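J.: Below are the sequence and a predicted model; questions follow.
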Amino acid sequence: MPDQTIVAGENKLPNPAVAGAGKEQGPNGERYFVRFTLLQRYMHAIMFSTFLGLAATGLTIRFSTNAWAQHFALAIGGFGAILFIHKLCAVTLTLEFLYHVKDIAARILIRKEKGILWGPSSMVLNLKDLKDLIGNFKWFFGLGPKPEIERYAYWEKFDYWAVFWGMVIIGFSGYVMWFGPFFGRFLPGWALNAVQIVHGEEALLAITFIFSIHFVNSHLRPDCFPMDTTIFTGVVSEEEFKERHAQEYERLASQGKLDEKLTTKPPTWLLNFSKVVGFTAVFIGLVLLVLAVSAYFRE
């Protein structure tokens, strides 16, 4: 799932790249700024790992008659092992989602934090997002300038809220299938059949979206090709900051808060590790996408 689903705990934990707070500059005096905290990066890691696990095992079960699915299941230890891994990933992702919802609720209701539901750093869609969407279409066709983005772009917010939809629709239907005898006490038979269809088709939709649209937006856009490592390192260069989130950069600068986000350049090992993990995830996702589409149209 999408990297914007981890706003919980924003600005609450120090980024490891900030350790020492030496504010080292990179080559040619390039400065670096914190974009994601350590907690956010860990949550994203759990999310994309469990999503890949759910996708791989779910597709294997969904297209179990295909040769590739049978070979994969055999290599893992059989379809019983595939189902166990699927359920383990589902529970892990559910617990993370519930933690996120709890954290957001606490920040709104208990800590009374401002700007979560509305404001430049909010993940809630607003009028500016609509203007950015229209502006982007104009820019695509050379009819206007490229819109300047605040902290989160409209496509990032869409990814974020898509997780809520997925957890409610795909997650709930999956648990109904898992605990069928319990839900069968108060749900009609047709409903139990319906959740199986909903679970499979919505999961296919989510897999197709994440492994195509999300990957393109996050890693294959011209300004971040071939890999955006920000969600792994938590750090963005000043040039990237100005290019991708111009309005946020200008806002923080005008408020005198820009230097508060200064940090050190990510170490080489972390950059290399981020690229390995990122490219591996993209490769697995694209392979699963091809297998899913080919199997779907062969049914």
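T.: Good, I have the coordinates.

J.: Show me what the helix or strand of the chain with the lowest mean pLDDT is packed against.
T.: Every helix and strand of the chain was ranked by mean pLDDT, DSSP states H and E. The lowest is helix 215, at a mean of 85. Applying 3 or more Cβ pairs under 8 Å, 6 or more residues apart in numbering; DSSP states H and E, we find helix 215 packed against helix 268-298. All C-beta atoms are positioned from the backbone trio N, CA, C, and that covers glycine.

J.: Which pLDDT value does the model give A106?
T.: A106 carries a pLDDT score of 92 in this model.

J.: Is there a neighbour count for it? I'd like the number.
T.: 12 (other Cβ atoms under 10 Å).

J.: Find the helix or strand that it is a member of.
T.: Assigned by DSSP states H and E, A106 falls within helix 79-109.

J.: List the neighbours of the helix or strand following that helix that are in contact with it.
T.: Next in sequence after helix 79-109, counting helices and strands by DSSP H and E, comes helix 127-140. Contact with helix 127-140 is made by 144-147, 149-150, 153-154, 157, as judged by Cβ atoms under 8 Å, 6 or more residues apart in numbering.

J.: Buried subset of the residues you listed, written for ChimeraX?
T.: Buried members of those, defined by 16 or more other Cβ atoms under 10 Å, are picked up in ChimeraX with:
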select :147,149,150,153,154,157
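
J.: of the contacts of helix 127-140, closest to K87?
T.: K157 (30.2 Å; Cβ to Cβ).

J.: Surely that closest one is within a helix?
T.: Yes: K157: assigned to a helix according to DSSP: H, G, I helix; E, B strand; the rest coil.

J.: Surely it and M123 touch.
T.: Yes: contact criterion Cβ atoms under 8 Å: K157 and M123 qualify, at 5.4 Å.

J.: where does F279 land on pLDDT?
T.: Reported pLDDT for F279: 92.

J.: show me what contacts it?
T.: By Cβ under 8 Å, 6+ apart, the residues touching F279 are 226-227.

J.: Next one: it from S49, what distance?
T.: 15 Å (Cβ to Cβ, to the nearest Å).

J.: Ok, F273 next?
T.: Taking Cβ to Cβ, one finds F273 at 14 Å from S49.

J.: Same question for A81.
T.: Look at A81 and S49: by Cβ to Cβ, they are 17 Å apart.

J.: E113 too?
T.: Applying Cβ to Cβ, the value for E113 to S49 is 29 Å.

J.: what do you get for L95?
T.: Distance from L95 to S49, counting by Cβ to Cβ: 13 Å.

J.: and what of W118?
T.: W118 is 32 Å from S49, by Cβ to Cβ.

J.: So which of these two has more stuff around it?
T.: S49 (15 against 10).

J.: same for the helix or strand containing the more buried one, what does it pack against?
T.: Counting by DSSP H and E, the element that carries S49 is helix 38-62. Helix 38-62 makes packing contacts with helix 67-76, helix 79-109, helix 189-209, helix 230-233, helix 268-298 when contacts are defined by 3+ Cβ pairs under 8 Å, 6+ apart.

J.: which of those helices sits most buried?
T.: Highest mean neighbour count of the helices and strands packed on helix 38-62: helix 230-233, a mean of 22 (counted as mean count of other Cβ atoms under 10 Å).
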